[in-house]
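> Got a predicted structure here, sequence first:
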Amino acid sequence: MQGGTVRKSGFSKKKIRKILTTILFIGFSAGVIIATAVNEFSNNKNAAELAEVHIDGWLVLPAALCFLVMINLEYGKCMLMMKKSSNEGDFSKKELFKIAFRTVMIGRYYDKITPAAVGGQPAQIMQMRKTGKISNGMATAIPIFSMISGQIAFMLVAIPVFLFSDVASRYPVLVATAWVGLIFYAFWPVMVVGTMFLPKPTAKLINFVVRILAKIRIIKNRDLVIKTVEKEVGDYARNVKRLTKRPAVFGGVILMSLISNTLASSIPYFVLKAFGGDIGYFECFCLTVGVEAAVYFIPTPGNSGVAEGTFYMVFSRLSTGYVFWAMMLWRFFSYYIYIIVGPFIYLSQHLEKKRGNK
């Protein structure tokens with residue numbers, strides 16, 4: 001046509017690639033759910049028929065409430081750090097919650113699908129940088145400090161449990177393994193805090209650890225790894241230090257992490273009671289903390305397979321036919337819900353971007 005432009009019809013290659021990527025992502029997530037469910041719950045010959053299972057629905061509600069408060073505290077940590085690290089008025093309340101919700105849930109999604117939960121923080125950093133309202137330094141510091149605060153809070157809960165409850169005498173192998181798990185929990189907090197206040201000794205410690213790992217052939221390029229780790233830990237420390245200079249932020253994030261960890265470790269108790277389990281809250285809580293520490297360093301996506309085998313120590317208080325269904329409900333709160341929500345967040349972001357381009 002003269003005097004005008006010819007508008008191309010149909011889908012462009014770029015649009016087709018985006019659609020295919022979205023479909024593949026959702027398909028992958030569905031595959032993860034199915035594969036994990038088959039792996040974890042295929043051996044259910046002794047499971048009672050669901051119609052025969054008697055569940056006290058009122059005790060499922062506290063389990064759900066623990067989850068809801070726990071996850072909202074995780075959003076709260078993110079919102080507090082975003083608000084205090086930006087200029088007043090940069091974010092509306094709606095924006096704060098939206099970014100926090102997506103950041104936390106995307107992080108949990110990648111924690112559950114990557115071995116040893118290595119994908120969560122990088123995905124959260126990318127998610128925060130996408131907003132365009134958070135500096136790259138803060139977009140790195142907020143997810144890292146959120147993770148570190150959670151690890152510190154868990155150690156503050158776990159260490160008294162192992163030292164002062166009878167769980168160590170009753171389950172010595174479990175607690176011995178749990179202490180090893182706590183060493184892994186402590187690694188990043190020690191590295192980042194050490195770099196903030198004792199940079200030279202921390203660099204020597206990193207060098208020592210990497211050299212040992214190189215000798216036992218866990219890592220190959222020793223010098224490159226040392227250089228990379230020192231740089232990353234240094235970057236994290238500089239930005240985390242900015243957050244910790246604000247006592248209200250530091251104290252608030254640690255307090256929310258403590259409550260969040262306590263609620264997460266309380267869910268198995270209410271699930272057990274809902275299915276008729278005979279166990280006290282304190283005993284169940286201590287056993288749950290021990291199991292969570294013991295499986296922390298297991299390098300499988302979402303600790304799948306090993307988590308169920310170890311958590312059987314908690315759920316074995318139920319009759320054989322009920323164990324399957326109780327563990328299924330617990331895994332919904334601790335694993336499946338994140339795998340389900342993650343793809344929907346990406347889909348909503350895709351649709352928002354599509355509407356914005358119109």
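Arrived safely.
> wait, isn't Ile99 in contact with Lys130?
No: using CB atoms under 8 Å, Ile99 is not in contact with Lys130; the gap is 9.2 Å. The C-beta positions use only the backbone N, C-alpha and C, and glycine is treated the same way.
> okay, the two: which has more neighbours?
Under the criterion of other CB atoms under 10 Å, the comparison of Ile99 against Lys130 puts Ile99 first, with 22 against 15.
> so what's the more buried one up against?
78, 82, 91, 127-128, 131 (CB atoms under 8 Å, 6 or more residues apart in numbering).
> residues in contact with the residue nearest to Phe154 when sequence neighbours are not counted?
Using CB to CB, 6 or more residues apart in numbering and skipping the chain neighbours, the partner closest in space to Phe154 is Asn261 (5.1 Å). Residues near Asn261 by CB under 8 Å, 6+ apart: 150, 153-154, 157.
> now Lys273
Counting by CB under 8 Å, 6+ apart, Lys273 has contacts 56, 59, 279.
> Helix or strand: which one has it?
helix 267-274 (DSSP states H and E).
> Arg108 too?
helix 93-113.
> Would you mind listing the buried residues in that helix?
Buried residues in helix 93-113, counted by 16 or more other CB atoms under 10 Å: 96-97, 99-113.
> do stretch 140-160 as well
140-155, 157-158.
> now Ile55, what's its secondary structure?
coil (DSSP: H, G, I helix; E, B strand; the rest coil).
> How many neighbouring residues does the closest residue to it other than its chain neighbours have?
Leaving aside its sequence neighbours, Ile55 sits nearest to Ala274 (CB to CB, 6+ apart; 5.4 Å). The tally of other residues near Ala274 (other CB under 10 Å) stands at 22.
> measure Ala274 to His54 for me?
To His54, Ala274 is 10 Å away according to CB to CB, to the nearest Å.
> likewise Val225?
Distance from Val225 to His54, by CB to CB: 54 Å.
> same check, this time on Gly342
Going from Gly342 to His54 by CB to CB gives 33 Å.
> still on that earlier bit, and the helix holding Arg108, average pLDDT?
For helix 93-113, mean pLDDT rounds to 87.
> Ile279: how many residues sit nearby?
Ile279: 17 neighbours (other CB under 10 Å).
> so it, which of the three states?
coil.
> Show the backbone phi and psi for it.
phi -160, psi 140 (degrees, to the nearest 10).
> hmm, back to that, Gly342 and His54: who's more crowded?
Under the criterion of other CB under 10 Å, the comparison of Gly342 against His54 puts Gly342 first, with 24 against 9.
> what's the closest non-adjacent residue to the more buried one?
In space, Gly342 is closest to Tyr109, 3.0 Å off (CB to CB, 6+ apart).
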